[in-house]
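> Predicted model follows, preceded by the sequence.
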Amino acid sequence: MSGNKPTFHIGSIPIYGEAILSPMDGFSDLPFRSMARRLGSAMSYTEFVNAMDVVNTHPHLDERLTYLEEERPIAFQIFDDDPERLLRAALILRERDPDIIDINLGCSAKCVSGRGAGAGLLREPQKIGAIFSTLNKELDIPVTGKMRLGWDDDSLNYLDVAKIIQDNGGKALAVHGRTKQQAYRGEANWDAIAEVKAALTIPVIGNGDVRVVADIDKMINYTGCDAVMIARGAIGNPWIFAGLDRADVLNEQVRETMLAHLDSMLDFYGPDRGIILFRKHAARYISPYGLSPEQREQLLTSETAGDFAALLDELALHTVPA
Ligand SMILES: Cc1cc2nc3c(=O)[nH]c(=O)nc-3n(C[C@H](O)[C@H](O)[C@H](O)COP(=O)(O)O)c2cc1C
């Protein structure tokens, strides 16, 4: 997938590869991002951060914004409904030396979209223009966006919003082919992603329902997009970035990756939080195995990495034929 020739550029930043781990609150932290990047994800996006937290120096920010050099290009994703505070936050974040600042125009959660941030911004295209033009003017790194198709089926304004972002200096646009009202339901609309790609000259990253390796080329061929973003399809299957579907990954490789992932979470979060935060990943790693509810529970409540590894060996996991 990657080679000497960049697949595309975000501003002047070359991007090598066609599949990117999506920003995911609670999942795309340093341990998961860096693992996905090593396996082939073309760049890294942080979990979103609230611009209010940035300007108020919230203590959890360090964890969300720490990254490894090997993750570059790294995009910091921020959300807010206030252009001026987004700018202040972006300037503060710039000091941490990210490659890109990404604006979230897609979060459907009520606490975000309900106050006009995330997908809530789609209802105020003028504000989107103001955000991108201000940040583009004041920052010396590319500003990008990640959006949905509109608030609901009656307000599908994705083409207008996409053009506003481009016209106001946005350097790339990721498009999740759903509305805010759909949240994660129904099928992603790849036709809409194709329309955005045809209307813009900046790179378009398609997103929504890329679940298996074949979907990467399928979406690119269908929509013409420059790359795809993968969120849910990468949880429990980071090998998708290495061109492997879960069924192609040997049990021994699953075991090694799980334990390396756990190790890196223990290092990053400390032993107590690390193992707890790992459980949601573990649940997805083990889902193809036909474990009984008791076995699953035992594994997912292991309190140390040693117990977890010993239980894995005891269970001698085998995938259940599909
Ligand atoms: C648990 C979870 C957390 C997410 N957090 C973010 C986020 O912080 N920023 C963002 O832009 N999108 C976020 N998303 C949306 C995904 O990036 C992606 O747009 C969506 O899941 C569709 O892609 P998929 O079909 O590959 O899952 C999140 C999705 C999930 C499932």
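Cool, got the structure.
> From here on, just use CA atoms for contacts and neighbour counts.
Noted.
> Around the ligand, pick out the residues from the protein.
22-25, 47-48, 104, 106-107, 146, 176, 207-210, 230-233 (CA under 6 Å from any ligand atom).
> Contacts for the host helix or strand of K127 next, please.
Taking DSSP states H and E as the definition, one finds K127 inside helix 125-138. Under the criterion CA atoms under 8 Å, 6 or more residues apart in numbering, residues 83-84, 86-87, 90, 121-122, 142-143, 160-161, 164-165, 168-170 lie in contact with helix 125-138.
> quick one: which of the residues you listed sit in helices?
Those of these mapping onto helices are 83-84, 86-87, 90, 160-161, 164-165, per DSSP state H.
> Would you mind giving these as CSV with neighbour count, pLDDT and distance to N4 added?
As requested, the ones in helices among the contacts of helix 125-138 are exported to CSV (neighbours: other CA atoms under 10 Å; pLDDT from 0 to 100; distance: CA to CA, whole Å):
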residue, neighbour count, pLDDT, distance to N4
P83, 20, 97, 38
E84, 15, 97, 40
L86, 24, 98, 36
L87, 20, 98, 35
A90, 25, 98, 32
D160, 13, 98, 35
V161, 25, 98, 33
I164, 20, 98, 33
I165, 26, 98, 30
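> Spatially, which two of those are the most separated?
Maximum pairwise distance among the ones in helices among the contacts of helix 125-138 (CA to CA): 24.4 Å, between A90 and D160.
> before we move on, back to that, give me the buried positions along the helix holding K127.
When burial is assessed from 16 or more other CA atoms under 10 Å, helix 125-138 yields the following buried residues: 125, 127-136.
> Give me the mean pLDDT for that helix.
The average pLDDT for helix 125-138 rounds to 98.
> got it, and stretch 286-306?
94.
> which other residues reach that stretch?
Stretch 286-306 has contacts (CA under 8 Å, 6+ apart) with 236, 259, 262-263, 271, 275, 279, 282-283, 308, 311-312, 317-320.
> out of those residues, who's nearest the ligand?
Nearest to the ligand out of the contacts of stretch 286-306 is G236 (CA to the nearest ligand atom; 12.4 Å).
> residues contacting the closest one?
So G236 contacts 281-286 (CA under 8 Å, 6+ apart).
> For these, give me JSON lines that also has secondary structure and distance to T304.
As requested, the contacts of G236 are exported to JSON lines (DSSP: H, G, I helix; E, B strand; the rest coil; distance: CA to CA, whole Å):
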{"residue": "H281", "secondary structure": "helix", "distance to T304": "15"}
{"residue": "A282", "secondary structure": "helix", "distance to T304": "13"}
{"residue": "A283", "secondary structure": "helix", "distance to T304": "16"}
{"residue": "R284", "secondary structure": "helix", "distance to T304": "18"}
{"residue": "Y285", "secondary structure": "helix", "distance to T304": "17"}
{"residue": "I286", "secondary structure": "coil", "distance to T304": "17"}
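> In PyMOL, how would I select just the buried ones from these?
Selection of buried members from these for PyMOL, criterion 16+ other CA under 10 Å:
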select buried, resi 281+282+283+285+286
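> mind showing which ranges of this structure have poor pLDDT?
By pLDDT under 70, the weakly predicted segments of the chain are 1-3, 319-322.
> mind listing the helices for it?
So, for the chain - with DSSP H - the helices run 30-39, 51-55, 61-65, 83-94, 110-113, 125-138, 158-167, 190-199, 213-223, 251-269, 271-285, 293-300, 305-315.
> how about these in JSON lines, adding distance to I13?
Shown next, in JSON lines, are these (distance: least, CA to CA, whole Å):
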{"stretch": "helix 30-39", "distance to I13": "16"}
{"stretch": "helix 51-55", "distance to I13": "24"}
{"stretch": "helix 61-65", "distance to I13": "20"}
{"stretch": "helix 83-94", "distance to I13": "16"}
{"stretch": "helix 110-113", "distance to I13": "30"}
{"stretch": "helix 125-138", "distance to I13": "15"}
{"stretch": "helix 158-167", "distance to I13": "17"}
{"stretch": "helix 190-199", "distance to I13": "19"}
{"stretch": "helix 213-223", "distance to I13": "21"}
{"stretch": "helix 251-269", "distance to I13": "28"}
{"stretch": "helix 271-285", "distance to I13": "31"}
{"stretch": "helix 293-300", "distance to I13": "41"}
{"stretch": "helix 305-315", "distance to I13": "39"}
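> which one of those lies closest to I100?
Among the helices of the chain, if distance is taken as CA to CA, the winner is helix 83-94, at 8.8 Å.
> Restricting to C-alpha, output the closest one in PDB.
What follows is helix 83-94 as a C-alpha-only set of coordinates in PDB (Å, rounded to 0.1, in the frame of the first residue of the first chain):
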ATOM      1  CA  PRO A  83     -14.600  29.800  16.800                       C
ATOM      2  CA  GLU A  84     -12.700  32.100  19.100                       C
ATOM      3  CA  ARG A  85     -12.100  29.400  21.800                       C
ATOM      4  CA  LEU A  86     -11.200  26.900  19.100                       C
ATOM      5  CA  LEU A  87      -8.600  29.300  17.900                       C
ATOM      6  CA  ARG A  88      -7.200  29.800  21.400                       C
ATOM      7  CA  ALA A  89      -7.200  26.100  21.900                       C
ATOM      8  CA  ALA A  90      -5.500  25.400  18.600                       C
ATOM      9  CA  LEU A  91      -2.700  27.900  19.400                       C
ATOM     10  CA  ILE A  92      -2.100  26.300  22.800                       C
ATOM     11  CA  LEU A  93      -2.100  22.800  21.200                       C
ATOM     12  CA  ARG A  94       0.300  24.000  18.500                       C
END
